[in-house]
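Engineer: Model the following, please.
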Amino acid sequence: MEFLPFTVPSATAEQYKDNHKWILEADQHELVVGSQARILYADQAGRSAIAVAINKAVAEKKLSAPVVISRDHHDVSGTDSPFRETSNIYDGSAFTADMAVQNCIGDSFRGATWVALHNGGGVGWGEVINGGFGLLLDGSEDAERRAKSMLNWDVNNGISRRSWAGNKFAIETIKRAMVSEPKLVVTLPNPVAADII
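Structural biologist: This next block holds a predicted model:
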């Protein structure tokens, strides 16, 4: 993964390889979906690196115009739905809409160009709340700062929620995130032995 400024965890290495291959071969793809966009699956560090690289390409005129990035609503933080996205949260909070709301508002304070909070999204009205964003990368230093700040929150909010619910992969991921970003402080869960419950 020589193209990234950090070490890729083995758990996500295949995602990075797939993204890198797709980017290198982008001019060969004939996409048929609306905006001709492609979802790149990456963790927080990867999303920040991709956003910074896009912003740098705009600044250096390698791209002819500013770029807007967003994410799918099936993402780690953007959606609360006990029937799909939060169905694997077993602490009882799968039926609340706090994560999507906190994510949307948090993104707005950390530099998103726009945010949206809406209902629906695949499983039906009243069954899901989605929080989305758009972030304009115009090549400026401010766009890079906003991308780093907002994407850090956007991803780690959902990782934290899942770690509190006891997801071992989320706990490992949020611990890594706190090491890479010392300003990020997340209370870790205290597991209770099954015989006590």
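Engineer: Measure how buried Ala51 is and give me the count.
Structural biologist: By other CB atoms under 10 Å, 22 other residues sit near Ala51. C-beta: built from backbone N, CA, C; applies to glycine.
Engineer: Stretch 186-197: end-to-end distance?
Structural biologist: End-to-end distance of stretch 186-197: 25 Å, with CA to CA, to the nearest Å as the criterion.
Engineer: Now do the buried residues in it.
Structural biologist: For stretch 186-197, burial by neighbour count (16 or more other CB atoms under 10 Å) applies to 186, 189.
Engineer: my guess is Met99 meets Ile159, correct?
Structural biologist: No - between Met99 and Ile159 there is no contact under CB atoms under 8 Å: 10.6 Å.
Engineer: who touches both of those two?
Structural biologist: When contacts are counted by CB atoms under 8 Å, 6 or more residues apart in numbering, Met99 and Ile159 have Ser77 as shared neighbours.
Engineer: Give me the most central residue, this structure.
Structural biologist: Geometric centre of the chain, nearest residue: Val155, 3.8 Å, by CA atoms, centre = their mean.
Engineer: any idea how far it is from Ala42?
Structural biologist: From Val155 across to Ala42, the span is 9 Å (CB to CB, to the nearest Å).
Engineer: if I look at Gln131, how far off is Met150?
Structural biologist: No, residue 131 isn't Gln; it's Gly. Distance from Gly131 to Met150, by CB to CB: 12 Å.
Engineer: Who has more neighbours out of these two?
Structural biologist: Set side by side, Gly131 and Met150 show more neighbours around Gly131, with 27 against 24, by other CB under 10 Å.
Engineer: Kindly list the single helix or strand of this structure that scores lowest on mean pLDDT.
Structural biologist: strand 79-80 (a mean of 76; mean pLDDT, DSSP states H and E).
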